[in-house]
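Participant: requesting a structural model of the entry that follows:
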Amino acid sequence: MADSNQNNFTRRAALTVGAVTMAGVGVYAFKGRSARGFTLSTADARTLNRGNGAEPDTLDPHKAQGQWENNVVGDMFVGLMTEDAAANAVPGAAESYTVSDDGLTYRFKLRDHTWSDGVPVTAHDYVYSFRRIADPKFAAQYVSILYPVKNMQEVNAGRLPLDALGVRAIDDRTLEIDFHFQVPYIGQLLTHFTTFAVPKHVVEKHGDQWMRPENIVVNGPYILKAWVPNDHIQVVKNPRFWDAKNVKIETVNYYPTQDSEAAVKRLRGGEFDLLTDSLPPQKIDWLRENMAKELRLWPFILSQYVQFNFQRKPFDDIRVRQALSLAINREIMCSKVERAGEQPAYAMIPPGMPGYPGGARVGFKNVPMAGRLAKARALLAEAGFGPHNPLSFDYSMIMTTETKLISVALQEMWRQAGVNVRLVPTETQVHYAVLRKHDFDVAWAGWVADYRDPKNYLFLFQRATEDMNYGTYYNPKFEALVARSDDARDAAERARMLEQAEQILLDDVAVAPVYFGVTRDLVSPQVKGWVSNNVNINRSRYLSLDRAITTV
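Facilitator: Prediction:
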């Protein structure tokens, strides 16, 4: 039975979010369409139009960070390893590799291929690229994901010169990489854009302008043709890509879709062929009923959570963080706000991690909501807050339709615990820039795994991660466990250490986990080759279009 406060929340949230909710199916009054169907575009069968979430901040592989950037960058560049149609790691720019007996040195044999200007891709490009992202003057935000590479962290900190990095060219087509410890997720790590090679001859010639359409050179299936900020990005097929004969789509347009309601309208009107992670929660039930063939809801290794800033008082007080976490009704958030099959999160690391037991949990999972709220109020009182001195803070959020609904729900849940919250919305790029600068009180954040391993979540909270450790969390016991797990040769022992580290993270309330996600995609029946997967990566090179299909 629902807590009476939950009913108040539902009524209040419905009124508050009225400005951003859809009025119903009637808003989709497209000429000549039935209530359950729509007419798809008769556009060129060689042009794919993708709704892509946020506007990218960059397309430089060594500066990119978001999934919306990865979707474009991963269509233009291919790493030593790459993804197949189902997002599994397969050979990419490297046709094969060998590993030393101690598991610390990998030798890659590059396939015989060229940049899009005809210049051969060599191992020297990779040495240059790893040194580029390691260079402290370059200030790459995401470099910490590469700290397993020997001396990467030391070089990035300026303690060692660039040539001390454990990456070297044996000859033009042979690359060797040394690691500090065994990396069981090596295949997936090398599909990540931070590991991509960039063309040394072009970057050195054009500097910061190398990414302009008239200058850019790539080694992947598509090359940048145009970028109109906040309108669209266009890429065209690279005829020099080694597998160009199997690339069916000639042109791909990516459109920012912060307004998910408008994005759905555009897909139904034939302007988009697919939308990724851009569906309004309040329309999920309608989409299930009316667009079941297009709707792709799939388990997603995504954690959505509330991030606390340990540098800001009173969020350095664990009682305050515990109170705010206790007041979040995760079940209501999933069933009434999100509605797409999300799972309430009482841990940081989502299900779906191979070999990970996933036993870490917050301590109040089985406590009824009324008891959680009572405990939250008591903790706030202990910390000096109450009816005459309520806790008040700014809550940083993204200006997407979905996040607006989530944020209003959180605001109401915290109000029930006697907390006053001011919502501070910004564009996606600005929001994450604010988080990296640690310039917030409390914020909404999410993490999609770069590779299917729990370390990819825990590394976010290590001190060495710096800017990406948004809340500046630090616990020496947590650090020691993660470090020891790196040296563990037994997979089960490593998993146990990571699980213990996750439990410390949860006990410290470094974040308040809210839910584990599902993919929220709409894919036109005209799109062939789409494979739903738990990292939600579908490269355009594997897709094709059948424009003969005109209705659903």
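Participant: remind me which residues of the stretch 401-550 of the chain are low pLDDT?
Facilitator: Within the stretch 401-550 of the chain, no stretch has pLDDT under 70.
Participant: how about the strands in the stretch 301-450 of the chain?
Facilitator: Per DSSP state E, counting those that start in this stretch, the stretch 301-450 of the chain carries strands over the ranges 343-344, 392-398, 420-426, 442-448.
Participant: what's the closest of those to Met333?
Facilitator: When the strands of the stretch 301-450 of the chain are compared by C-beta to C-beta, strand 343-344 sits nearest Met333, at 7.3 Å. Backbone N, C-alpha and C define where each C-beta goes, glycine included.
Participant: walk me through which strands the closest one pairs with, and which way each runs.
Facilitator: As defined by DSSP bridges, the strand partners of strand 343-344 come to strand 511-523 (antiparallel).
Participant: so the strand it pairs with versus strand 442-448, what angle?
Facilitator: 50 degrees (axes from the mean of the first three to the mean of the last three C-alpha atoms, to 10 degrees).
Participant: past strand 511-523, which element shows up next along the chain?
Facilitator: With elements assigned by DSSP states H and E, the helix or strand that comes after strand 511-523 is strand 527-528.
Participant: what about stretch 132-149, average pLDDT?
Facilitator: Taken as a whole, stretch 132-149 has a mean pLDDT of 95.
Participant: scratch that, stretch 96-113 is what I was asking about
Facilitator: Stretch 96-113 shows a mean pLDDT of 97.
Participant: can you list contacts of that stretch?
Facilitator: Contact partners of stretch 96-113, identified using C-beta atoms under 8 Å, 6 or more residues apart in numbering, comprise 80, 91, 93-95, 120-123, 150, 170, 172-182, 186, 219, 240-242.
Participant: excluding residues flanking it in the chain, which one is nearest the residue nearest the centre of the chain?
Facilitator: The structure's the chain has its C-alpha centroid closest to Val448; by C-alpha atoms, centre = their mean the separation is 3.8 Å. Spatial nearest neighbour of Val448, excluding adjacent residues (C-beta to C-beta, 6 or more residues apart in numbering): Leu302 at 4.9 Å.
Participant: hang on, isn't the residue nearest to the centre of the chain packed against Thr276?
Facilitator: No: under the criterion of C-beta atoms under 8 Å, Val448 is not in contact with Thr276, lying 11.3 Å apart.
Participant: next, show the common contact partners of those two.
Facilitator: By C-beta under 8 Å, 6+ apart, Val448 and Thr276 have these common neighbours: Asn536.
Participant: ok, back up a step: so for Gln307, which of the strands of the stretch 301-450 of the chain sits nearest?
Facilitator: That would be strand 442-448 among those, by C-beta to C-beta, at 4.3 Å.
Participant: run through the neighbouring helices and strands of the closest one.
Facilitator: Counting contacts by 3 or more C-beta pairs under 8 Å, 6 or more residues apart in numbering; DSSP states H and E, strand 442-448 is packed against strand 295-308, strand 392-398, helix 401-415, helix 428-436, strand 511-523.
Participant: which stretch among those comes nearest Lys477?
Facilitator: Among the helices and strands packed on strand 442-448, if distance is taken as C-beta to C-beta, the winner is strand 511-523, at 17.2 Å.
Participant: what angle do the closest one and strand 295-308 make?
Facilitator: Counting by the same axes, to 10 degrees, strand 511-523 lies at 160 degrees to strand 295-308.
Participant: pretty sure Phe130 is in a helix, no?
Facilitator: Yes: going by DSSP: H, G, I helix; E, B strand; the rest coil, the assignment for Phe130 places it inside a helix.
Participant: hang on, the earlier thing: so which of the contacts of stretch 96-113 are in helices?
Facilitator: With helices defined by DSSP state H, the entries of the contacts of stretch 96-113 inside them are 123, 186.
Participant: now stretch 235-254: buried residues?
Facilitator: 235-238, 240-242, 247-249, 251-254 (16 or more other C-beta atoms under 10 Å).
Participant: for that stretch, list the C-alpha coordinates in CSV.
Facilitator: Output of stretch 235-254 as CSV, limited to C-alpha atoms (Å, rounded to 0.1, in the frame of the first residue of the first chain):
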residue,chain,number,x,y,z
VAL,A,235,29.0,12.9,-41.6
VAL,A,236,29.5,11.2,-45.0
LYS,A,237,30.9,7.8,-45.9
ASN,A,238,34.7,7.6,-45.9
PRO,A,239,35.6,5.8,-49.2
ARG,A,240,39.0,4.9,-47.7
PHE,A,241,37.6,3.0,-44.7
TRP,A,242,38.9,-0.6,-44.8
ASP,A,243,35.4,-2.0,-44.7
ALA,A,244,33.7,0.6,-46.8
LYS,A,245,32.1,-2.0,-49.1
ASN,A,246,29.9,-3.1,-46.2
VAL,A,247,28.8,0.4,-45.1
LYS,A,248,25.3,0.8,-46.6
ILE,A,249,24.4,4.3,-45.3
GLU,A,250,26.1,7.2,-47.2
THR,A,251,25.2,10.1,-44.9
VAL,A,252,24.3,10.4,-41.3
ASN,A,253,22.7,13.5,-39.7
TYR,A,254,22.8,13.8,-35.9
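Participant: so how far is that stretch from its chain's centroid?
Facilitator: Chain-centre distance of stretch 235-254: 25 Å, with C-alpha atoms, centre = their mean, to the nearest Å.
Participant: so what pLDDT did the spatially most distant residue from the centre of the chain get?
Facilitator: In the chain, the greatest distance from the average C-alpha position (C-alpha atoms, centre = their mean) is reached by His388, at 40.4 Å. pLDDT, His388: 93.
Participant: same question, Thr400
Facilitator: Looking at Thr400, the pLDDT reads 87.
Participant: same question, Gly352
Facilitator: The model reports Gly352 with a pLDDT of 84.
Participant: burial count for Asn290?
Facilitator: Asn290: 20 surrounding residues under other C-beta atoms under 10 Å.
Participant: so where do the strands sit in the stretch 1-150 of the chain?
Facilitator: Under the criterion DSSP E, counting those that start in this stretch, strands of the stretch 1-150 of the chain are mapped to 47-51, 81-83, 89-91, 94-99, 105-110.
Participant: what would those strands look like in JSON lines with distance to Ala360 and mean neighbour count?
Facilitator: Below are the strands of the stretch 1-150 of the chain laid out as JSON lines (distance: least, C-beta to C-beta, whole Å; neighbours: other C-beta atoms under 10 Å):
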{"stretch": "strand 47-51", "distance to Ala360": "35", "mean neighbour count": "23"}
{"stretch": "strand 81-83", "distance to Ala360": "29", "mean neighbour count": "22"}
{"stretch": "strand 89-91", "distance to Ala360": "26", "mean neighbour count": "17"}
{"stretch": "strand 94-99", "distance to Ala360": "31", "mean neighbour count": "15"}
{"stretch": "strand 105-110", "distance to Ala360": "31", "mean neighbour count": "19"}
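Participant: how near is Ala347 to Asn533?
Facilitator: 22 Å (C-beta to C-beta, to the nearest Å).
Participant: picking that back up, give me the buried entries from the contacts of stretch 96-113.
Facilitator: Buried, going by 16+ other C-beta under 10 Å: 80, 91, 93-94, 121-123, 150, 173, 175-180, 182, 186, 219, 240-242, out of the contacts of stretch 96-113.
Participant: farthest pair in the buried residues of stretch 235-254?
Facilitator: Maximum distance among the buried residues of stretch 235-254 (C-beta to C-beta): 24.1 Å, for Trp242 and Asn253.
Participant: pick the one among the buried residues of stretch 235-254 closest to Val72.
Facilitator: Nearest member of those to Val72, counting by C-beta to C-beta, is Tyr254, at 5.5 Å.
Participant: who's the closest one bridged to?
Facilitator: Beta-bridge partners, per DSSP bridges, of Tyr254: Arg50, Ile233.
Participant: is it true that it touches Glu69?
Facilitator: No: Tyr254 lies out of contact with Glu69 (C-beta under 8 Å); the separation is 10.0 Å.
Participant: list the contacts of Asp178.
Facilitator: By C-beta under 8 Å, 6+ apart, the residues touching Asp178 are 104-105, 149-150, 166-167.
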